[in-house]
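Enquirer: pasting the sequence and the predicted coordinates here, then a few questions.
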Amino acid sequence: MRYYLIAGERSGDLHGANLIKALKKEDDQAEFRGWGGGYMEEAGADLVVHYKHLAFMGFVEVILYFNKILKYIRLCKKDILAYQPDVVILIDFGGFNLRVARFLKKHRIKVYYYISPKLWAWNTGRAKTIKAYVDRMFVILPFEKDFYRDFGYDVDYVGNPVVDAVRDHNPDPSFLDEINLKAGDRYIALLPGSRNQELKSILPLMVKLAQAYPDEKFILAAISTVPDTLYLPCRNIANIHLVFDRTNDILAHAYAGVITSGTATLETAIWGIPQVVVYRSSSKLSFLIARMVVRIKFISLVNLIAGREVVKELIQENLNLENLIEEVNRIIYDGKVRQRIIQEYREIQNILGKEPASLRAATLITAYLNN
């Protein structure tokens with residue numbers, strides 16, 4: 001079978017790659033093409049466009065680059081028609097992928113969705129759009145099955161691929177030596193995000209945080225797909241080690257973390273690392289619009305899955321150096337706080353289950369296609 005996958009950011013690229021590997025086990029004649037990144041390409045996909053060209057965040061930013069986005073959507077539609085896949089598999093990235101899904105329905109090309117857009121957070125009416133244009137949906141958060149059931153749409157819960165990615169990662173035993181640290185050295189992981197806007201908004205504050213703790217060591221998780229110049233603010237900070245493309249190795253050895261909201265918050269939880277979740281939109285207008293339309297109490301996956309505050313979230317105006325230092329002190333120095341967070345992480349892992357999500361999704365995808 002011919003599979004066409006569309007992912008629009010780093011985590012989608014990683015999960016798309018794992019899905020490709022799983023599909024190869026189920027279908028020895030499988031061919032892959034799509035939009036994503038290095039992970040998907042390495043897994044065997046013929047890459048059309050890298051996700052780094054599509055990384056637009058926020059309402060205002062999307063409006064500013066709307067014509068560019070439309071150009072890529074037109075290119076995507078044209079490429080799919082030329083490739084004539086047996087199925088198109090959409091991975092999150094709702095604003096882009098739902099436009100593509102509507103188009104594919106008209107052309108009678110089968111559409112599956114792996115990793116739902118976060119419709120339960122805002123614009124829940126889009127669930128009706130998905131029901132109309134998506135043939136099968138494979139969700140990765142337990143409560144999403146109930147969410148779609150309320151719209152009369154039966155979806156498959158396949159487990160969470162973040163759990164798989166962490167479980168399958170074997171920490172590099174030479175990692176600490178490579179960055180001139182010793183076993184037992186304590187350090188704090190800094191994950192500023194993988195998008196340009198995130199780095200510009202959050203990295204300067206992370207640098208100030210490190211400077212406020214001259215006796216602590218920090219390792220900043222950098223991404224090679226963003227411009228290197230964005231990391232200049234932390235290049236000459238003595239207690240910040242800049243490490244590229246090694247997020248799981250960083251988390252595997254970390255004592256605590258300051259994590260930008262996104263998939264990384266769940267990765268950090270699965271590694272069992274106490275964290276503070278941070279987020280700040282580069283556009284105040286985008287944030288004000290989001291605050292008016294978002295329907296959820298929390299933004300981090302950790303708290304959303306638990307249904308309560310497990311880790312502290314510092315968002316927009318609450319994200320300042322004073323508040324950040326206060327919360328970092330708690331997760332570094334307060335043993336009771338650390339133990340409580342780690343215990344609640346175990347409960348989250350039990351909720352998510354242990355069955356490999358990518359393999360479960362691949363089994364269902366091939367079964368639905370063959371039937």
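Expert: Received the coordinates, thanks.
Enquirer: okay, now the unreliable bits of the stretch 151-300 of the chain?
Expert: The model of the stretch 151-300 of the chain has pLDDT under 70 over residues 282-296.
Enquirer: can you map out the strands along the chain?
Expert: 2-7, 31-36, 46-50, 87-91, 111-114, 136-139, 156-157, 187-191, 217-222, 240-244, 256-260, 275-279, 312-315 (DSSP state E).
Enquirer: does Asn18 really touch Gly159, like I thought?
Expert: No. Contact criterion Cβ atoms under 8 Å: Asn18 and Gly159 do not qualify, at 11.7 Å. To be clear about C-beta, it is placed using only N, CA and C from the backbone, and glycine gets the same treatment.
Enquirer: hmm, back to that, need the strands of the chain in TSV with mean neighbour count and distance to Glu344, can you?
Expert: Converted to TSV, the strands of the chain look like this (neighbours: other Cβ atoms under 10 Å; distance: least, Cβ to Cβ, whole Å):
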stretch	mean neighbour count	distance to Glu344
strand 2-7	25	30
strand 31-36	24	33
strand 46-50	16	37
strand 87-91	27	28
strand 111-114	24	28
strand 136-139	22	23
strand 156-157	18	21
strand 187-191	26	19
strand 217-222	23	23
strand 240-244	17	28
strand 256-260	26	15
strand 275-279	27	12
strand 312-315	20	13
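Enquirer: just put these in a markdown table and tack on distance to Gln343.
Expert: Below are the strands of the chain laid out as a markdown table (distance: least, Cβ to Cβ, whole Å):
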| stretch | distance to Gln343 |
| --- | --- |
| strand 2-7 | 34 |
| strand 31-36 | 36 |
| strand 46-50 | 40 |
| strand 87-91 | 32 |
| strand 111-114 | 31 |
| strand 136-139 | 26 |
| strand 156-157 | 25 |
| strand 187-191 | 20 |
| strand 217-222 | 25 |
| strand 240-244 | 29 |
| strand 256-260 | 16 |
| strand 275-279 | 14 |
| strand 312-315 | 16 |
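Enquirer: now do the contacts for the nearest residue to Leu75 once chain neighbours are set aside.
Expert: Spatially, and ignoring its direct neighbours in sequence, Leu75 is nearest to Val49 (7.1 Å; Cβ to Cβ, 6 or more residues apart in numbering). Val49 makes contacts with 35, 72, 75-76, as judged by Cβ atoms under 8 Å, 6 or more residues apart in numbering.
Enquirer: just name the closest of the residues you listed to Thr225, please.
Expert: Trp35 (13.9 Å; Cβ to Cβ).
Enquirer: separation between the residue most central in space within the chain and Ile240?
Expert: In the chain, the residue lying closest to the centroid (Cα atoms, centre = their mean) is Thr263, at 3.4 Å. Here Thr263 is placed at a distance of 23 Å from Ile240 (Cβ to Cβ, to the nearest Å).
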